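Coordinates for the following, if possible.
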Amino acid sequence: QSEEYRRSVLPGNVPTMSVEASAEHGWHRFSHAQIGVTRFGMSGPLEQLFKKYGFDAENVANKGKELVDFYKNCGGNVPDLNCRPTFINFQS
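Numbers count the residues shown, from 1 in each chain. Next comes the predicted model:
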């Protein structure tokens, strides 16, 4: 996707939180905070596990508000996640 499209969807300088019912790994490139699975070994009814891992609507809304407040308390400066170097390490 073009950089223009990516910036229209994820501007980078707006507090952004990812919610992934899987690992958090990789989302740091696109979001300032993540809600995801950080441990393994739990089983049970889906609804209970979602709440335990923090995927319920109340927790997601609260964490979103906390994220916005965090950056307000830091003077409103939200780091632009799109402003970082990209290196190509593989050489043919």
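
Nearest the geometric middle of the protein, what residue?
Nearest to the geometric centre of the chain sits Ser18, at 2.9 Å (Cα atoms, centre = their mean).

Wasn't that one part of a strand?
Yes: assessed with DSSP: H, G, I helix; E, B strand; the rest coil, Ser18 lies in a strand.

Go ahead and confirm Val37 touches Ala21.
Yes: using Cβ atoms under 8 Å, Val37 is in contact with Ala21, at 7.0 Å. Backbone N, C-alpha and C define where each C-beta goes, glycine included.

For Val37, give me its contacts.
20-24, 53 (Cβ atoms under 8 Å, 6 or more residues apart in numbering).

cool, and His28?
Gln34.

okay, it: pLDDT?
With respect to pLDDT, His28 scores 90.

Could you give the backbone dihedrals for it?
Here is the backbone geometry of His28 (degrees, to the nearest 10): phi -60, psi -20.

How much space separates it from Pro79?
Distance from His28 to Pro79, counting by Cβ to Cβ, to the nearest Å: 11 Å.

same check, this time on Glu3
Distance from Glu3 to Pro79, counting by Cβ to Cβ: 18 Å.

of the two, who's got more company?
In terms of neighbours (other Cβ atoms under 10 Å), Pro79 is the more surrounded of Glu3 and Pro79; the figures are 13 against 8.

I'd like the distance between the more buried one and Ala61.
23 Å.

Can you name the residues in contact with the longest helix along the chain?
Ranked by residue count and defined by DSSP state H, the top helix of the chain is helix 57-73. With contact meaning Cβ under 8 Å, 6+ apart, helix 57-73 is reached by 15, 17, 19, 32-33, 35, 51, 54, 77-78.
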